[in-house]
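> build me a structure from this.
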Amino acid sequence: MKIKICGLFDPANIAAVVSEQPDLVGFIFYPKSKRYVGTNFDPKGIANLPKSTQKVGVFVNEDRDQITSIQTQFAFDYIQLHGEETPEDCAFFKAKGIRIIKAFGVDDEFDFSQLSDYLPYCDYFLFDTATPNYGGSGQSFPWKILNDYPFDTPLILSGGLGVVEVKTFLNSPIPKVEILDCNSKLENENHHKNLDLVAEVLALTRKINSGIQPDAAGYYGEFGGAFVPEMLYPNVKELQDQYLFHLHDPEFQREFQDLLKSYVGRPTPLFFSKNLSAHFGGKIYLKREDLNHTGAHKINNAIGQVLLAKRLQKKRIIAETGAGQHGVATATACALLGMECTIYMGEIDIQRQQPNVERMRLMGAKIVPATSGSRTLKDATNEAIRAWINHPVDTYYVIGSAVGPHPYPDMVARFQSVISEEIQVQLKQETGQAAPDYLIACLGGGSNAIGAFYHFIGNPKTQLIAVEAGGLGVDSGKTAATIALGKKGIIHGSKTFLIQTDDGQIVEPHSISAGLDYPGIGPVHAHLSATGLAKVVSVTDEEAVAAALQLARLDGILPALESAHALAYLPKMQLQPDEIVVVNLSGRGDKDLATLIPFLAHEK
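Now for the predicted structure:
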């Protein structure tokens, strides 16, 4: 889906809108329009705009020679004929090699057969609300009539498209509509475009275009899906059928947002680290998810899923956990909302994350150790799935990362997207720009990373960097660097990359951080990596520990070892003084004291 921003006329506003990189921009050469370009406009200012944004000249019943002259001066990619122009007019311009958008005012009685004579000459048909002033009214027409459009020429939809309308359309797209034409509903009172609204509309379409939202079968490109045992099919199908209905329900959102604010403590701060910035260059900001209630980003998703479980009338919650933060968050949400809670955790992780184990017990949760395999996160997930199979009717499985069968990766992404939503607002307030140059997050299964990336995916201004756990080194045999080593396969209900042998046996992962000790990756991250929408790197255990100690000593912040992996990529960057970096500090490091303290002895 593409976005056209139409009705631009002020040079400074044009430059600002084009900097947001819409697909097309429109300039109106109709003197009666409130957005008329005027006669004193320098055509070079438009002709020299970046080629990545296509330029459209909009005319209403204008003389052919005048249109040709203006087209030559401004070098438009398309001319849009928005009046009563005939098929003969279109044929005239087509013969000159000019691409044509022919607009029609539409109402309930519109007859598509009148388009037949235009078909040989037009590259697009644009459908706008039928008004005596040829558009710009801010009024919508009934889009559903476009479902009856019988031709192959692609469509542009116009007429009263603002943020709400674009979001509504994207949730229920209409075949053959390829471009949404936004004008009056993205304006300030002086008819200049509101840059925040423009950016919001573009962000909505970039999520669709990048594949960040799965298709009906739960696939992000070739990754995802729902591969589940027969016993669990009804549970997963129930979620697939109902999750979006509940998540879009205003009452659900009201309760969820209220708990994020009053219970979780959102919004979390965006902290400018003068000390890290001085040390590494650039302008480095930390998104302080460690300041959430329970000490990590995991609570955002846990609150959302337990609320959903109650709506589905489930009585019992189960969950897996590695570092313990998701377990603590789920136990906390269950205590708050009155749900029975059982947490599955690898035996090794129970030993190295003992403080979190006791916190879960204090919240009333039952802890079940996973004693098979590597006795870490993968095995805890296996045990949780087995328990779900044994109790399929009354039990809801809260998955903590962006993994598992559809719709779990999408649910987790939506609940965690509050992180990137806040970053946009906070960064704009701090710096005047809503998108950083670099956004860095650690990557295990992928919940904190997708939350931090969500509103920036596909934004050409921001390089997304996901940092995997390299362990003792990617080639050491003791690593959890899934993208670096992984092959396509099925794990825990979805197709993704995972570390496996040639005959498909899972290789036991290793990381000093329990939350990254997983042999797979969420399917959305597999898609982002495969398509180049995110850059995936790795750092070693040693580098992560050094980064944790450095932040503690430079800024007095003890990060989780998971978050330290993201910080550990900073020394590998060559930052310019004006480049803005946001690091998602996904959790606090209290839980890792037992792991970190021995490293202090090595410093003596």
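> assign the residue nearest the centre of the chain to helix, strand or coil.
The residue lying closest to the centre of the chain (C-alpha atoms, centre = their mean) is residue 454, at 2.1 Å. Put simply, residue 454 is helix when judged by DSSP: H, G, I helix; E, B strand; the rest coil.
> quick one: residue 484 and residue 538 touch, right?
Yes. Residue 484 lies in contact with residue 538 (C-beta atoms under 8 Å); the separation is 5.7 Å. (Each C-beta comes from the backbone N, C-alpha and C, glycine too.)
> mind naming the longest strand for this protein?
Looking across the chain with DSSP state E, the single longest strand is strand 463-471.
> check which element follows that one along the chain.
helix 482-485 (DSSP states H and E).
> now do that next one: which elements does it pack against?
strand 463-471, strand 494-498, helix 523-530, strand 535-540 (3 or more C-beta pairs under 8 Å, 6 or more residues apart in numbering; DSSP states H and E).
> in JSON lines: the ones you listed, plus distance to residue 84, mean pLDDT and mean neighbour count.
Formatted as JSON lines, those follow (distance: least, C-beta to C-beta, whole Å; pLDDT from 0 to 100; neighbours: other C-beta atoms under 10 Å):
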{"stretch": "strand 463-471", "distance to residue 84": "48", "mean pLDDT": "97", "mean neighbour count": "25"}
{"stretch": "strand 494-498", "distance to residue 84": "53", "mean pLDDT": "96", "mean neighbour count": "25"}
{"stretch": "helix 523-530", "distance to residue 84": "46", "mean pLDDT": "96", "mean neighbour count": "27"}
{"stretch": "strand 535-540", "distance to residue 84": "51", "mean pLDDT": "97", "mean neighbour count": "21"}
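> how about JSON lines for the ones you listed, with distance to residue 217 added?
Putting the helices and strands packed on helix 482-485 into JSON lines (distance: least, C-beta to C-beta, whole Å) gives the following:
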{"stretch": "strand 463-471", "distance to residue 217": "25"}
{"stretch": "strand 494-498", "distance to residue 217": "11"}
{"stretch": "helix 523-530", "distance to residue 217": "12"}
{"stretch": "strand 535-540", "distance to residue 217": "25"}
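> between the ones you listed, which gets nearest to residue 151?
Nearest to residue 151, of all those, is helix 523-530, at 33.1 Å by C-beta to C-beta.
> now do the closest one: distance to the chain's middle.
12 Å (C-alpha atoms, centre = their mean, to the nearest Å).
> and it, what does it pack onto?
strand 219-220, strand 223-224, helix 408-416, helix 447-453, strand 463-471, helix 482-485, strand 494-498.
> average pLDDT across the first one?
Think strand 219-220. Across strand 219-220, the average pLDDT comes to 94.
> paired strands for it, with orientation please.
strand 223-224 (antiparallel) (DSSP bridges).
> I'd like the next helix or strand past the strand it pairs with.
helix 233-247.
> just want the angle from that following helix to helix 408-416.
30 degrees (axes from the mean of the first three to the mean of the last three C-alpha atoms, to 10 degrees).
> spatially nearest residue to the residue nearest to the centre of the chain (excluding sequence neighbours)?
Once flanking residues are discounted, residue 454 sits nearest to residue 417: 3.8 Å by C-beta to C-beta, 6 or more residues apart in numbering.
> in stretch 581-599, what counts as buried?
581-589, 591-592, 595-596 (16 or more other C-beta atoms under 10 Å).
> and residue 552, how many neighbours?
Using other C-beta atoms under 10 Å, residue 552 has 15 neighbouring residues.
> which residues does it contact?
For residue 552, the contacting residues are 558-559, 589, by C-beta atoms under 8 Å, 6 or more residues apart in numbering.
> list just the nearest of these to residue 140.
Out of the contacts of residue 552, the member with the shortest distance to residue 140 (by C-beta to C-beta) is residue 559, at 48.0 Å.
> quickly note the distance from the closest one to residue 406.
Look at residue 559 and residue 406: by C-beta to C-beta, to the nearest Å, they are 32 Å apart.
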